[in-house]
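Asks: Sequence and predicted structure are below.
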Amino acid sequence: MSSFVFVACSSDDDDTITDEEPAATELHAAFAAFNTEATTIYLDGSNVVIETTGLPNHETVYWGDGNPLYRDEPDVELTPSIISSNNNATTITVDATPNLTGSTVATQLGTIGIAVSGSSIFNDQEGGGPLDQAAASLDWTGAHIGPGVYHYHLEPKAFTNDDENLVGILLDGVFLYGRKCNATGTYPTDLDASGGHTTTTQYTVGEEEYHYHIINELYSNTGSYIAFTGPYQGY
């Protein structure tokens, strides 16, 4: 768990003390699960900065034939791009302590979070419309390229498949887990509209924390589960 200190500011002309945003003193334990070859994660005051190459550490057809992580997937309708070292880099900044007292915010197109593999997480839309229109281009782990970066729309089976594993962190600073709950070992039944609830996790050392789960409802004809639809709760 992260811990915090409060910083006060004052001047010679004004003795009023004003509390600033709490500054985190250590990264949340869950960040230890992220692919260190792809991500650089550090504290910046009350924020966490996640810089990533976007290059996943698992097999996919989108690595391209000849790459050691290339996986032949003849049924995937490939998008024109393959994964390369110069087209996937992404940086996000999130609150070290999500603000769970504010308004909910809808997700937008593009990167909505970073997965533990180092690649981006997207929502359930593709090009402003339903994901169905691009479902045929998704690889075995629910990801494809377009626009720009390699990204997951569905439950990323490369590292979480009907289990409690960490999926990644979203733009509001809230962690996303697989379909099962570590606290019970079963599918949670108390999730809010965003797929979130407050329980212990494998990274919280017995303390309860609000977090998201991939909702255990099959999406359309893909035979899998949307990673996250929103809205965010942590802004």
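Replies: All right, it came through fine.
Asks: and Ile50, how many residues sit next to it?
Replies: 21 (other CB atoms under 10 Å). For glycine as for every other residue, the C-beta is placed from the backbone atoms N, C-alpha and C.
Asks: quick one: which helix or strand includes it?
Replies: strand 47-52 (DSSP states H and E).
Asks: From the contact counts, what lies against that strand?
Replies: strand 39-44, strand 90-95 (3 or more CB pairs under 8 Å, 6 or more residues apart in numbering; DSSP states H and E).
Asks: per-residue confidence averaged over that strand?
Replies: For strand 47-52, mean pLDDT rounds to 97.
Asks: and that strand, which strands flank it?
Replies: In the sheet, strand 47-52 lines up against strand 39-44 (antiparallel), strand 90-95 (antiparallel) (DSSP bridges).
Asks: so Asn47 makes contact with Asp95?
Replies: Yes. Taking CB atoms under 8 Å as the definition, Asn47 is a contact partner of Asp95 at 6.2 Å.
Asks: Backbone dihedrals for Leu131, please?
Replies: As for Leu131, its main-chain torsions (degrees, to the nearest 10) stand at phi -70, psi -20.
Asks: so how far is Phe122 from it?
Replies: Separation of Leu131 from Phe122 (CB to CB, to the nearest Å) stands at 9 Å.
Asks: Give me the common contacts of these two.
Replies: Contact criterion CB atoms under 8 Å, 6 or more residues apart in numbering; residues bridging Leu131 and Phe122 by contacting each: His153.
Asks: out of those two, which sits in the more crowded spot?
Replies: Ranked by neighbour count (other CB under 10 Å), Leu131 and Phe122 place Phe122 first, with 26 against 20.
Asks: beta partners of the residue nearest to Ala96 when sequence neighbours are not counted?
Replies: Leaving aside its sequence neighbours, Ala96 sits nearest to Ala24 (CB to CB, 6 or more residues apart in numbering; 3.8 Å). Note on Ala24: beta-bridge partners by DSSP bridges are Phe4.
Asks: Now tabulate the helices and strands packed on strand 47-52 in a markdown table and tack on mean neighbour count and mean pLDDT.
Replies: As requested, the helices and strands packed on strand 47-52 are arranged in a markdown table below (neighbours: other CB atoms under 10 Å; pLDDT from 0 to 100):
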| stretch | mean neighbour count | mean pLDDT |
| --- | --- | --- |
| strand 39-44 | 15 | 97 |
| strand 90-95 | 16 | 96 |
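Asks: got the ones you listed as CSV, with distance to Asn221 columns?
Replies: Listed next are the helices and strands packed on strand 47-52 as CSV, based on distance: least, CB to CB, whole Å:
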stretch, distance to Asn221
strand 39-44, 33
strand 90-95, 29
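Asks: Ok, which of those comes nearest Asp190?
Replies: Among the helices and strands packed on strand 47-52, the nearest to Asp190 by CB to CB is strand 90-95 (24.0 Å).
Asks: about what we covered before: which residues touch the strand holding Ile50?
Replies: The contact list for strand 47-52, computed with CB under 8 Å, 6+ apart, reads 24, 27-28, 31, 34, 38-43, 88-96, 114, 118-119, 169, 173.
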